[in-house]
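Trainee: need the 3D shape of this:
(2 chains)
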Amino acid sequence: SQTIHQWPATLVQPVGSPLSLECTVEGTSNPNLYWYRQAAGRGLQLLFYSVGIGQISSEVPQNLSASRPQDRQFILSSKKLLLSDSGFYLCAWTGLAYNEQFFGPGTRLTVL
Amino acid sequence: GQSLEQPSEVTAVEGAIVQINCTYQTSGFYGLSWYQQHDGGAPTFLSYNALDGLEETGRFSSFLSRSDSYGYLLLQELQMKDSASYFCAVSPYSGAGSYQLTFGKGTKLSVIP
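Mentor: Here you go, the predicted model:
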């Protein structure tokens, strides 16, 4: 069966510090991968998506970047965090059944 | 671009039926999905409508009318555990087979005894 992992689960970082969030998927190959951010009490905003290794598309210009160094690994990074980067970061994947996205447990990031 | 509108909050009584509406504006899309998210948790898939009509999955049903740019999620025999946020989402046509989702802002459902 397929599983998706994200870490860390929670993170508190000072403004101006770097960020690296990791997402890995098991039990599938060549998935489409997605990073979302959810502000408190709000909907999900798509940040990046990837259809293959090294292929990254950005939906919203911002302080963040993404990379896909391996087929089932997706990384979200920032060189200098802003207060506005606080939120709940969710990784998701789709396989052959494109109508359904599977979400990881998320990382709750607080920037102080 | 795409936009989806859904009520921000709904309250219903345990055992009752509740309908959560979703209206959208999009130039073209593959289908309308619904996701459930409990406080602090990740969204989980509930249903998907590629074609107009009603899709039923247990206590949950979802409806789509492309001509009316409208869909809804129907929850029957409400249980306390159904208290959660519910998001509608469209899969807009896009290149490279990315099958992105654009989400509404969510409807917070509170089930009361």
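
Trainee: hey, let's count contacts and neighbours off CA atoms from now on
Mentor: Fine.

Trainee: chain neighbours aside, what residue packs nearest to the spatially most central residue of chain A?
Mentor: Centre of chain A computed as the mean C-alpha position; nearest residue by CA atoms, centre = their mean is residue A:35, 3.2 Å away. Counting by CA to CA, 6 or more residues apart in numbering or on different chains, residue A:91 is the residue found nearest to residue A:35 once chain neighbours are left out, at 4.7 Å.

Trainee: which secondary structure element is home to the residue of chain B found nearest chain A?
Mentor: Distances between chain B and chain A by CA to the nearest CA are smallest at residue B:105, namely 4.0 Å. Taking DSSP states H and E as the definition, residue B:105 sits outside all helices and strands.

Trainee: before we move on, what about the one 3 residues further on?
Mentor: Here residue B:108 is covered by strand B:107-112, with elements defined by DSSP H and E.

Trainee: you'd agree residue A:99 is in a strand?
Mentor: No: the secondary structure assignment for residue A:99 gives coil rather than a strand, going by DSSP: H, G, I helix; E, B strand; the rest coil.

Trainee: so what's it up against?
Mentor: Taking CA atoms under 8 Å, 6 or more residues apart in numbering or on different chains as the definition of contact, the neighbours of residue A:99 are B:31, B:33, B:48, B:91, B:99.

Trainee: you'd agree the residue of chain B closest to chain A is up against residue B:37?
Mentor: No: here residue B:105 does not reach residue B:37: they are 11.9 Å apart, not a contact under CA atoms under 8 Å.

Trainee: shared neighbours of the two, anything?
Mentor: Counting by CA under 8 Å, 6+ apart, the residues touching both residue B:105 and residue B:37 are residue B:87.

Trainee: ok so, going back, could you pull up the contacting residues of the residue of chain B closest to chain A?
Mentor: Each residue near residue B:105 by CA under 8 Å, 6+ apart is listed here: A:42, A:43, A:44, B:4, B:5, B:6, B:8, B:87.

Trainee: ok so, going back, what packs against whichever helix or strand the residue nearest to the centre of chain A is part of?
Mentor: Secondary-structure element containing residue A:35, defined by DSSP H and E: strand A:32-38. Under the contact criterion of 3 or more CA pairs under 8 Å, 6 or more residues apart in numbering or on different chains; DSSP states H and E, strand A:32-38 touches strand A:44-52, strand A:87-94.

Trainee: in its sheet, what does the helix or strand that the longest one is followed by sit against?
Mentor: Following strand A:44-52 in sequence order, the next helix or strand is strand A:55-58 (DSSP H and E). Strand pairing for strand A:55-58, using DSSP bridges, gives strand A:44-52 (antiparallel).

Trainee: and the helices in chain B?
Mentor: With helices called from DSSP state H, chain B shows none.

Trainee: what residues does chain A have near chain B?
Mentor: Proximity of chain A to chain B (CA under 8 Å from any CA of the partner chain) is limited to residues A:32, A:42-46, A:49-51, A:90, A:98-106.

Trainee: now chain A against chain B: closest residue?
Mentor: Distances between chain A and chain B by CA to the nearest CA are smallest at residue A:43, namely 4.0 Å.
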